[in-house]
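Q: what follows is a protein structure lacking sequence information:
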């Protein structure tokens, strides 16, 4: 079917509402629009460059943990939470009581990402994987009573109430068949749909089916990265689109609705592919800046430590690339040393401009690797 002939679905009358039933996506797609082909080419090249770059970066897994934390905070922010990337590295007892629910959702997201990436070694990208990931995402948080890890068996909606909903997904009786169709589409090699087009369509379909009672937005965005990893398009999970979607939240929601209301799949694909290109280039740029920062610290800062203290200094700096927020107690445990030694080492890194103190307190202080953290916090509009 040519993309221009695509029909998104139809409304189905229920007792007091109308629900939207999307059409099947597991069929051939002919994408001949020159604008889509052009932006697809740019997105593919940007993704390839990021992939190549990621393979050259030493100790990249340290830096990947920062991308995971950023994705968790940005994706959760779209859903209304307010945890920032710095808070994501704190312990729950270090947060105010009103901030803890948001923090727990972000921690679940981090755990869900890491678990799902590991699970891809034993499972294909599948509904089973999505269910397992959803169960982790929802454990012990506000949606933990809403069938975590299972497709819904009741109606859900987007909006304040079912009667006044902005969008009502298909009735739950359609969910198993629609999700099976989406899974088949993901794996149907005979369809010859380019991978980025395939996951763009699948993401739209997932968000339209809304197969779980809660957590669909976060899981739907996460499945993009899981698909890219499962296809080998990303050797390392270094590309997440939630930052792009969060910065363009209104356009993101409008594009999804425009497909449902007016069959505008073309515009959604262009928006999605532009996001892949922009995010991949931004991610590669962050890696370049990390290498410059790392080289500068190794050349200018670490040589200032005595031979006796060199091992501890190197171990702590290495740890900061994975965990850019520390306190004296954590450093003491990390280095298996005394409180005085940890305090002295932190003080030296502050004097050398590596760490800054962020609480302004005399006790229970936190220290942040600010120049590194800023590389992930900087917003890129484009």
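A: Nice, thanks for sending it over. These numbers come from a predicted model, not from an experiment.

Q: correct me if wrong: residue 227 contacts residue 187.
A: No: in this structure, residue 227 is not within contact of residue 187 by Cβ atoms under 8 Å, at 10.5 Å. Any C-beta I mention is one placed from the backbone N, CA and C, and that applies to glycine too.

Q: now do the shared contacts for these two.
A: Between them, residue 227 and residue 187 have residue 125 as joint contacts when contacts are counted by Cβ atoms under 8 Å, 6 or more residues apart in numbering.

Q: look at those two and report which has more neighbours.
A: residue 227 (20 against 14; other Cβ atoms under 10 Å).

Q: not counting sequence-adjacent ones, nearest residue to that one?
A: residue 199 (4.6 Å; Cβ to Cβ, 6 or more residues apart in numbering).

Q: residue 93 and residue 327: what is the separation?
A: Residue 93 is 12 Å from residue 327, where distance means Cβ to Cβ, to the nearest Å.

Q: quick one: which of these two has more around it?
A: Neighbours were counted for residue 93 and for residue 327 using other Cβ under 10 Å; residue 327 has more, 17 against 6.

Q: okay, residue 23: pLDDT?
A: Looking at residue 23, its pLDDT stands at 98.

Q: one more: residue 343?
A: For residue 343, the predicted pLDDT is 96.

Q: tell me which other helices or strands the helix or strand harbouring it touches.
A: Assigned by DSSP states H and E, residue 343 belongs to helix 339-351. With contacts taken as 3 or more Cβ pairs under 8 Å, 6 or more residues apart in numbering; DSSP states H and E, helix 339-351 sits against helix 307-322, helix 328-335, strand 367-368.

Q: direction included, what does the last one pair up with?
A: Each strand that strand 367-368 pairs with, and the sense of that pairing, follows from DSSP bridges: strand 325-326 (antiparallel), strand 356-357 (antiparallel).

Q: hmm, back to that, the residue nearest to residue 227 should be in a strand, yeah?
A: No: counting by DSSP: H, G, I helix; E, B strand; the rest coil, residue 199 is not found in a strand; it is helix.

Q: that one reaches residue 226, doesn't it?
A: No: Residue 199 is not in contact with residue 226 according to Cβ under 8 Å; the separation is 9.3 Å.

Q: who has more neighbours, those two?
A: residue 199 (26 against 23).

Q: and stretch 35-49, what's buried?
A: Using 16 or more other Cβ atoms under 10 Å as the test for burial, stretch 35-49 gives 36, 39-40, 42-44, 46-47.

Q: A strand includes residue 19, no?
A: Yes: under three-state DSSP, residue 19 sits within a strand.

Q: look up how far residue 338 lies from the residue nearest to it when sequence neighbours are not counted.
A: Among residues not flanking residue 19 along the chain, residue 168 sits closest, at 4.5 Å (Cβ to Cβ, 6+ apart). Distance from residue 168 to residue 338, counting by Cβ to Cβ: 61 Å.

Q: same thing with residue 151?
A: From residue 151 to residue 338 the distance is 54 Å (Cβ to Cβ).

Q: likewise residue 369?
A: From residue 369 to residue 338 the distance is 22 Å (Cβ to Cβ).

Q: any low-confidence regions in the stretch 1-150 of the chain?
A: Within the stretch 1-150 of the chain, the segments meeting pLDDT under 70 span 141-145.

Q: what about 90?
A: 1-2, 4, 14-17, 51-110, 113-114, 139-147 (pLDDT under 90).

Q: which stretches of it form helices?
A: 34-56, 60-78, 100-119, 127-138 (DSSP state H, counting those that start in this stretch).

Q: and those helices: which comes nearest residue 317?
A: Judged by Cβ to Cβ, the one of these that comes nearest to residue 317 is helix 60-78, at 10.6 Å.

Q: list the helices and strands the closest one packs on?
A: Short answer (3+ Cβ pairs under 8 Å, 6+ apart): helix 60-78 packs on helix 100-119, helix 216-230, helix 242-247, helix 265-296, helix 307-322, helix 370-377.
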